[in-house]
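Engineer: only geometry, no sequence info:
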């Protein structure tokens, strides 16, 4: 029930209760008054065709005429034996005879009844109305006013940034709904504040990580160039060696900057994907052949028994495989890296497996977080800690799933699941 209808209902209830109590009090007063004053005599005279049939006062014809004349006057009063009476005349016909009934009520009795009835009516009305208002005041105070006041204090806390205090859900109707909405708002603000603090911490961490990661190769490049300038590299061969190292460091520095820009665009969802229907076996083989120039040659194990197609952005997904291969080669050392292809009912699985040092169990789920390294010590290899984070973003952007399986001392396997496309063909080479 809305607040408007609730107040309308309360007002109607108060009015009905007041009227009921007033009428009931008047009825009770009439009964009590009549019982207490029953001994006060009411005189009657009954006439039939102007002949007295019954007369409790034993009056004569002259007095009867005077009474009838008084009944026609404005005051309708008649005094007999020093007693003032109110006169009431009723006429009726029975058995063909006209009767006239004269009722004489002592004026003191009539006035007392009227005055008493007025007093009782006013008192009953005032008392019942006051009690009804008090009950409504208590009810509204408990179910509406107090909840609104509590809600006002709670919203003031929200304005001042006090978001930890739970808002009580109380009241009825719109008041309760409003309290629920404000509590939901508080929770959303608390979540937003938490996200803001988290984002601020990540921003500080990002700045710190970028500063450290960029500082290392920049310092190395500067050192090699100063070595050439200051004559430390005093032979043509040594100068060439210094310059080649400086170029290598600038190449790593360029890659780190490209990774940062790509991750920022992915994080802001500014990357547009162009999916193409691709035969995954031949595609992975081509990527491995291209990467053989930069990394150790990975062994391909293709267990697909037919040409299996997926929908991928070929350029973007090549970056995924390249980042995973770079990561595997870095931690595998001299150990071989194996790229396996197999399928399930709905997906193609690509697994890049090394036999390196492995990852601790509590760190497996964290390796796809930006700037996370299993070894907290920062290295000078030019790695910005974004390779696997970018691979995760790109894979999920293409509708795939990426995860890691690892055991310390035995190696790590990074696996990617891609949804299969319809229209696979049997591969005669398998």
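Structural biologist: Alright, I've got the coordinates. Here the structure is a predicted model, which means the values were calculated and not measured. Numbers count the residues shown, from 1 in each chain.

Engineer: and residue 410, what is it in contact with?
Structural biologist: Going by C-beta atoms under 8 Å, 6 or more residues apart in numbering, residue 410 touches 355, 358. To be clear about C-beta, it is placed using only N, CA and C from the backbone, and glycine gets the same treatment.

Engineer: kindly provide the distance from it to residue 358.
Structural biologist: To residue 358, residue 410 is 5 Å away according to C-beta to C-beta, to the nearest Å.

Engineer: equivalent analysis for residue 387, please.
Structural biologist: In terms of C-beta to C-beta, residue 387 sits 18 Å off from residue 358.

Engineer: so between these two, which is more surrounded?
Structural biologist: residue 387 (24 against 18; other C-beta atoms under 10 Å).

Engineer: which helices and strands sit right next to the helix or strand containing residue 261?
Structural biologist: Per DSSP states H and E, residue 261 falls inside helix 236-267. Helix 236-267 sits against helix 173-229, helix 387-397, with contacts defined as 3 or more C-beta pairs under 8 Å, 6 or more residues apart in numbering; DSSP states H and E.

Engineer: that one vs helix 387-397, what angle?
Structural biologist: Computed by axes from the mean of the first three to the mean of the last three C-alpha atoms, to 10 degrees, the angle separating helix 236-267 from helix 387-397 equals 40 degrees.

Engineer: which SSE is immediately downstream of helix 236-267?
Structural biologist: Next along from helix 236-267, by DSSP H and E: strand 276-279.

Engineer: can you point out the buried residues in the helix or strand following that next one?
Structural biologist: Downstream of strand 276-279, the first helix or strand assigned by DSSP H and E is helix 280-291. Of all the residues in helix 280-291, those buried under the rule 16 or more other C-beta atoms under 10 Å are 280, 281, 283, 284, 287, 288, 291.

Engineer: ok, stretch 246-255 next?
Structural biologist: For stretch 246-255, burial by neighbour count (16+ other C-beta under 10 Å) applies to 246, 249, 250, 252, 253, 255.

Engineer: ok, now stretch 184-193?
Structural biologist: residue 186.

Engineer: pLDDT of that stretch, averaged?
Structural biologist: Mean per-residue pLDDT for stretch 184-193: 86.

Engineer: who are the neighbours in contact with the closest residue to residue 401 other than its chain neighbours?
Structural biologist: The shortest distance from residue 401 to any non-neighbouring residue, by C-beta to C-beta, 6 or more residues apart in numbering, is to residue 417 (4.6 Å). Neighbour list for residue 417: 344, 347, 348, 349, 400, 401, 402 [criterion: C-beta under 8 Å, 6+ apart].

Engineer: quick one: mean pLDDT for the host helix or strand of residue 417?
Structural biologist: Taking DSSP H and E as the definition, one finds residue 417 inside strand 411-419. Mean per-residue pLDDT for strand 411-419: 91.

Engineer: next, the angle helix 280-291 makes with it.
Structural biologist: Put simply, strand 411-419 runs at 130 degrees to helix 280-291, going by the same axes, to 10 degrees.

Engineer: paired strands for strand 411-419, with orientation please.
Structural biologist: Strands that pair with strand 411-419, judged by DSSP bridges, come out as strand 347-354 (antiparallel), strand 401-407 (antiparallel).

Engineer: packed most tightly, which of these would that be?
Structural biologist: strand 347-354 (a mean of 21; mean count of other C-beta atoms under 10 Å).

Engineer: what stretches of the stretch 301-430 of the chain score poorly on pLDDT?
Structural biologist: Along the stretch 301-430 of the chain, segments meeting pLDDT under 70 span 332-334, 371-385, 423-430.

Engineer: can you do 90?
Structural biologist: 301-308, 313-316, 318-339, 343-346, 353-399, 404-413, 421-430 (pLDDT under 90).

Engineer: related to what we said a few turns ago, what is the nearest of the contacts of residue 417 to residue 15?
Structural biologist: Residue 15 lies nearest to residue 401 out of those, by C-beta to C-beta, at 68.8 Å.

Engineer: that closest one touches residue 392, doesn't it?
Structural biologist: No: when contacts are counted by C-beta atoms under 8 Å, residue 401 is not listed as touching residue 392 (9.4 Å).

Engineer: quick one: residue 183 from residue 165, how far?
Structural biologist: Going from residue 183 to residue 165 by C-beta to C-beta gives 10 Å.

Engineer: and the two? Which one has more around it.
Structural biologist: More neighbours surround residue 183 than the other of residue 183 and residue 165, with 16 against 11 (other C-beta under 10 Å).
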